[in-house]
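1. Just the structure for this:
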Amino acid sequence: MLFGKRDKRDAFERQAERVFPSVFGTALRLTRSREEAEDLAQEATIRAYEAFDRFDGSNFKAWMLRILTNLYINKYRQRQRGPQFGSLDEDGVTEPMSAEAEVPDRVLFDNAVGAEIEEALGKVPVDFRLAVILSDIEGMSYQEIADATNVPIGTVRSRLARGRSMLRKALEEYAIREGYLKKGASE
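-> Predicted structure coming up:
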């Protein structure tokens, strides 16, 4: 894509504004910290802007999420190698609400269940959590996830199946306690 500086900036800004809620939501689910998510989303946006002339024009959201994912994986690996000073599992992290479903009972249900899902999702190991987030929350295809995470499609399928299984197991106790599921029904 050949753009003048102003055209490039305008084209990038239009697309970035459209996908930023997904980029930030994914960053928040990965980092489990609002501050870290803001930093990660901002860094991904800057890197995407700098590389915008190399964007092939096919799927901007998938391209942005691939940049975000790669940044997160690199930072996560650095953290694993370095000393641990803080926790990735911060309390009080709230998920931004979309204006999509404003019906009061739906909002109440989504908040109650959403918090349990977010907490359970945070307990799933990062590789599996990433596959679940990119597939089930962001709606990316197996190929897009494979490209974003630099692993074969078979690995994506495996991680997705295992991640969903871990999430289901983590939510089972909550579902029984709240009456959504009868004890022994999942066996």
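2. Output stretch 125-139 as CSV, restricted to C-alpha atoms.
-> C-alpha atoms of stretch 125-139 as CSV (Å, rounded to 0.1, in the frame of the first residue of the first chain):
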residue,chain,number,x,y,z
PRO,A,125,-2.3,-21.4,31.4
VAL,A,126,-1.4,-18.6,29.0
ASP,A,127,-1.0,-20.7,25.7
PHE,A,128,-4.4,-22.3,26.2
ARG,A,129,-6.0,-19.0,27.4
LEU,A,130,-4.7,-17.2,24.3
ALA,A,131,-6.2,-19.8,22.0
VAL,A,132,-9.6,-19.5,23.7
ILE,A,133,-9.6,-15.7,23.8
LEU,A,134,-8.6,-15.4,20.1
SER,A,135,-11.1,-18.0,19.0
ASP,A,136,-14.1,-17.7,21.2
ILE,A,137,-14.0,-14.0,22.2
GLU,A,138,-12.3,-12.4,19.2
GLY,A,139,-13.8,-14.8,16.6
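3. Return the set of buried residues in that stretch.
-> 127-135, 138 (16 or more other C-beta atoms under 10 Å). For glycine as for every other residue, the C-beta is placed from the backbone atoms N, C-alpha and C.
4. now do stretch 29-45
-> For stretch 29-45, burial by neighbour count (16+ other C-beta under 10 Å) applies to 29-34, 36-37, 40-41, 43-45.
5. so how far is residue 128 from residue 26?
-> For residue 26, the distance to residue 128 (C-beta to C-beta, to the nearest Å) stands at 15 Å.
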